[in-house]
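Enquirer: one predicted model, sequence on top.
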Amino acid sequence: MEFTREIYWNIGSGAGTLVPMYLLLLVALSLLVWGGWQRIKVYRLGKALQRTDDLPQRLVAAISQVVSQRRVMRVAGVGTAHGLFFWGFFLLFIGTCLIVLQADVTDPLFGVKFLQGRFYLFFSLVLDIAGAVAIIMLAGLFVRRYLIKPEGLETRREDAVIHLLLMVILLSGFVIEGARMAVTELGTDLSLWSPVGLLFAKSLAGMGEESQRALHSWLWWGHLLLALGFIALLPFSKLRHVLTTCVNYIFIDHGPKGGLVTLDLEDEATESFGAATLAELSWKDIFDGDACTLCKRCQDRCPAYATEKPLSPMKMINQLQQLAFNTPDASLTETVGKDEIWSCTTCRACQEICPAAIEHVSKFVDLRRNLVLMEGEFPGEEVTTAVDNTEVNGNPLGMAFAGRADWTEGLGVSSLADDPDVDLLYFVGCYASFDKRNIKIARSFVTLCQAAGLKVGILGKEEKCCGEPVRKLGNEYLYQSLAVENIERIKSYGVKQIVTTCPHCFNTLGKDYTDLGLDIPVDHYTVFLDRLFGQGALQLESSQPFACTYHDSCYLGRYNDIYDAPRRLLERAGGGVTEMTKSYAESFCCGAGGGRILAEENLGTRISETRAKMAAETCAPLLVSSCPFCLTMFEDGVKGAGFDESLTPRDITEILAERLSSSRSQRSE
Amino acid sequence: MKILICIKQVPDMESRFKLNAAGTWYSDQDLAWRMNEYDEFAVEQAVQLREQLGEAEVVVLSVGPDRVKEAMKKALAMGADRGIHIQDDASFEKDPFQIASAIAAYAGDQNFDVIFTGMQSQDRSSAQVGVLLAGMLGLPAVTTIVGFECDGSRVTVRRELEGGLKSVVKLSLPALLTCQLGLNTPRYPTLPNIMKSKKKELISIPVSDLLKVDALTATTLARFPEKRGAGLILEGDIGDLTEQLVKILKEKTAVLN
Amino acid sequence: MKALLIAESRQGKLLPGSYETLAFAKQMGAEAVMFLVGSESGLPQFDGRLYLADATAAGEYNPEEHLRLLLEVVSKESPELIVFSHSSYGWDLAPRVALALNASQISEVIDCQDGSMVVPVCNAKLQRLVKAQSALTVVTLQSGAFTPADEPTGTPTMVKLVTETAAKIEFVGYEEAEAGGVDLSKAEVIVSAGRGIGKPENLAMVEDLAKALDGEYGASRPVVDSGWAEHNRQVGSTGQTVAPKLYVACGISGAIQHLTGMKKSEFVVAINTDRDAPIGEVADVLIVADLKQFLPALTTRLKG
């Protein structure tokens, strides 16, 4: 038997088939285009945003991400299921395209038929397997959504419609194949290359040929209608993600991770800052709503959601979408809710995991910018006080700026104003300068640098808060004032290298400040010390083994992909790290980000205590981090969760400094 | 309606003070400056009054060196319309009587309907300038207000007395009121208002144009207070401290039996 | 030297600051004459002339009339000093008197040294010594700075003043503070919470210590303003003035408004991480420690 099949068998390949078929296709495509255009009009309600630079590279990267399903498959189980389902459906789609290509183009125009011979066998087998896999995966996803019902998964009527539609399309495809094979291929070798179809054919073998042909014909047209219906339905349902999610990959932010738009505050024409209404969001913000499939991976990882605050990143994205398409003039603040807006810690867990490349964090900051810059509102009086303190004294703690270098007593560190000839500028940050617990970190770090023979300089009383907490709270104006002053001071001393012990300062000086003119290399101490050890410039005298668990700070890990350097440092010190379940990019926030270190946590349960519990579960006696915010939160969180007898929060600098020669480690106290 | 707010720029009270070279006041080196806390309530109340009336002219005034204009800009950003800066690099040497006189010399022919001031400054705390100014202008004054209502020509204010007690007082405009903590929550200036304030009029008048009187008091010297001799400072291990304190309480007081 | 002392009364009751003015006059070695707008049922006990105007006629709050009456007395007595308490009455009236008499005014006096008045400035972080450069000086005294050594005795020689009505300022009435609860002025032991407790939850450890000491808990103004404690717990110039046997100040920096409320405590223990905090001025013992660790430890020790 020839290895091929007659396209349009039993249907007819004349105008009686082709005309209605292509007319229906035209209708479907018109609905697709019209529906799409309605949606594009809504995207365009948003402000302009440049995301088309290097377009060819963007397209290639997007296609590669779609085809590989890399983002989707990052979460095992459901991710794998969707990936396999996608490939199944995608292969079937390619298969259909190949058939159309031969039947309506290459054959009639050039007499070329490629769906034959070995290729056809391969084609047949692959599509059969693809279809079977797709059905199995779809069934699995159905079980998950309707029987297992994972907590937080929103199920709507359209989900049922989509499940039904896809299942019927897939199953009907096999029944059609089975009916055809029952008439044309039973008992042949060829049939073995369509194993699933063969099963269906065998079960239909009992019907007479007339019934088989009738079944085949009806289902063929039905299948066509459903498939075209699928295409037409795309813009009007969650199925649009087939297009929108893929397109969202094209428009990914190529700027530094976690970068925010640096508002132009000089522009006198700008009357409005932040986002109060839809028109003040960008088109991308609106488009993100359409790219969302409510997969809840962001919600699952949100520390605010996990501690019963009203915030859910998924809900916020969905609310913006609903608003954009139903009530575009509504107030964003009222729609999302102030408690929700202020609860975000900007930990980026949502964005890191989102398979649709949605940008959640910047939307919260935009909403906050409106509240702060246009309404003068903060989440609480304690925050207004902290912001006021930052304005007056350059630190949110309200400490006199003149004493910012008091922590250096006895260490032999001068301010750049007194001695600008240094190997590095240590940008200390507010907490390490003034907070008793964190001063130890500053002293430890300096001791380590001095042990490596480096001369450390600080800005001292000329140093102001880097501005990060107030920036994340939405106060772009105060942030820029602080940044400009810091940058001016730093540049005036001809600094060549900056090191920080705070990931927030690190992220801000290293990335945010480049928008305002700072282009000096900035390192976080973990990378800096790791390098010194690697160069042999630093050695520890003792490294008695000890057990610990390591917490990946959001602004070091997810924001800057620094995971290994801290662990290497701990290893050198003798530390055996028992990882928490949520570590590396899945690390769970300490709760202090997004400016929330300045605020009281009044809603839900404590994020810091939740994380402390996770640390306690490792049974390690030390909870080690490399961020002053995390350390501060854990001191409270460990106590609050009742683990203060068994778990001690520590910073890597302290652990290292203690293991220098005893004379040096004493000075770090 | 014409409203005047008198504000003072003071150092942040968390600052570590040093004495100036003459030893008569604090040195202004290495200090963070801010608007006097009590004056923030005055500014806020003036702006709220204007919002209530729909229309009014709100003038902010301050005496001091050029740096006080920063505090005035904050008042402008909160909503004041224009500023009068009485320029005086040695304002700290003037006594309340002189300060009030200089302000009165400016305000005398300006016909303000309401004057708001803080009840005292956080640095000198003499609580005199407001009431003196009212007397010099022939206006009734009420101090320490924590509540304010105005119907256009008559105001009802709540005064904070001692022990949580308050009194309610009514008077007709024009009048001067000194503001106490609890009167209102000063607004955080919005960015559009900060930008607008940069264009608002801020005139400087040399103090010599306005001040024609001598001081009635003189500061002999300024100093740090003596530590109370009997004060014992204990530091160290929590357990040890607990024991030490219990011992002291048993010895020195009758509260532990 | 003659001092005209301005006594204060409210709703017929004489206020204790009146005796502090007498103590000041004594320290200055000045002859004391008193002025009071009050009632015959609440007269100060001292031997000297007392000019009395009836409060119901002159008004509980009527600065113009009080000023007029006072000036009448000044013209009769020609004092060198006019002494007020630095109270809501004193700081309201004193500048008017000073202006009318072209006198200098020195506010919130805590002491007199070598002819100069000592006044606190900058939240009591500094002090100034101020000399008057006028013939007549008006002073206001910080509450609690001049305590009478003995119990008040004596009978004043009364001179009645005639009041005129027609007040420009209409006094409507008093508003009591929130009713109910605690009279800290009667407590023998008070443990007070300041901003240093950090979070409202930590008030519990202050309360626990107070209970362990068989006393009451109090709070500084910032704690009350933040809503962490009721107003009737507030110690300070706008709260209650207390004089317990033991006052434990936890995380209280010692702002002057608070100090004036508790300075008269017999024994003061302060717990603060800042060894330079102004509370150290009045503390008999300053424990430099984290109250979050020390308070529970002390409470456990006292209970055990």
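Expert: Ah, there it is.
Enquirer: grab the nearest non-local neighbour of residue A:507.
Expert: residue A:555 (4.8 Å; CB to CB, 6 or more residues apart in numbering or on different chains). C-beta here means a position set from N, CA and C on the backbone, and glycine is covered the same way.
Enquirer: all helices in the stretch 1-150 of chain B, in order from the N-terminus.
Expert: For the stretch 1-150 of chain B, the helices defined by DSSP state H, counting those that start in this stretch cover B:37-53, B:68-78, B:96-107, B:129-137.
Enquirer: okay, those in TSV with mean pLDDT, mean neighbour count and distance to residue C:28 next?
Expert: Formatted as TSV, those follow (pLDDT from 0 to 100; neighbours: other CB atoms under 10 Å in any protein chain shown; distance: least, CB to CB, whole Å):
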stretch	mean pLDDT	mean neighbour count	distance to residue C:28
helix B:37-53	97	22	31
helix B:68-78	98	23	37
helix B:96-107	98	24	22
helix B:129-137	98	25	25
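Enquirer: hmm, the biggest helix by length in chain C in reach of chain B?
Expert: Longest helix in chain C, counting residues (DSSP state H): helix C:63-77. Yes. With CB under 8 Å from any CB of the partner chain as the criterion, chain B is reached by helix C:63-77 at C:63, C:64.
Enquirer: from the contact counts, what lies against that helix?
Expert: When contacts are defined as 3 or more CB pairs under 8 Å, 6 or more residues apart in numbering or on different chains; DSSP states H and E, helix C:63-77 packs onto strand C:2-6, strand C:31-38, strand C:49-54, helix C:55-58, helix C:90-101.
Enquirer: name the residues that touch the longest one?
Expert: I take that to be helix C:90-101. The contact list for helix C:90-101 (CB atoms under 8 Å, 6 or more residues apart in numbering or on different chains) reads B:96-97, B:119-120, B:127-128, B:130-132, B:135-136, B:141-144, B:216, C:6, C:8, C:17, C:63, C:66-67, C:70-71, C:74, C:82, C:84, C:103-105, C:107, C:136, C:138, C:140-141.
Enquirer: for PyMOL, what selects the buried ones among the residues you listed?
Expert: Here is the PyMOL selection string for the buried members of these, based on 16 or more other CB atoms under 10 Å in any protein chain shown:
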select buried, (chain B and resi 96+97+119+120+127+128+130+131+132+135+136+141+142+143+144+216) or (chain C and resi 6+8+17+63+66+67+70+74+82+84+103+104+105+107+136+138+140+141)
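Enquirer: isn't the residue nearest to residue A:507 up against residue A:509?
Expert: No. Counting by CB atoms under 8 Å, residue A:555 does not reach residue A:509; the two are 11.7 Å apart.
Enquirer: how about the helices of the stretch 1-150 of chain B, which one is nearest residue A:559?
Expert: With distances scored as CB to CB, the stretch of the helices of the stretch 1-150 of chain B nearest to residue A:559 is helix B:68-78 (33.0 Å).
Enquirer: the closest one versus helix B:37-53: what angle between them?
Expert: Using axes from the mean of the first three to the mean of the last three CA atoms, to 10 degrees, the direction of helix B:68-78 lies 30 degrees away from that of helix B:37-53.
Enquirer: from residue B:126, how far off is the residue nearest to residue B:198 when sequence neighbours are not counted?
Expert: Excluding its sequence neighbours, the residue lying closest to residue B:198 (CB to CB, 6+ apart) is residue B:73, at 7.6 Å. According to CB to CB, to the nearest Å, residue B:73 and residue B:126 sit 26 Å apart.
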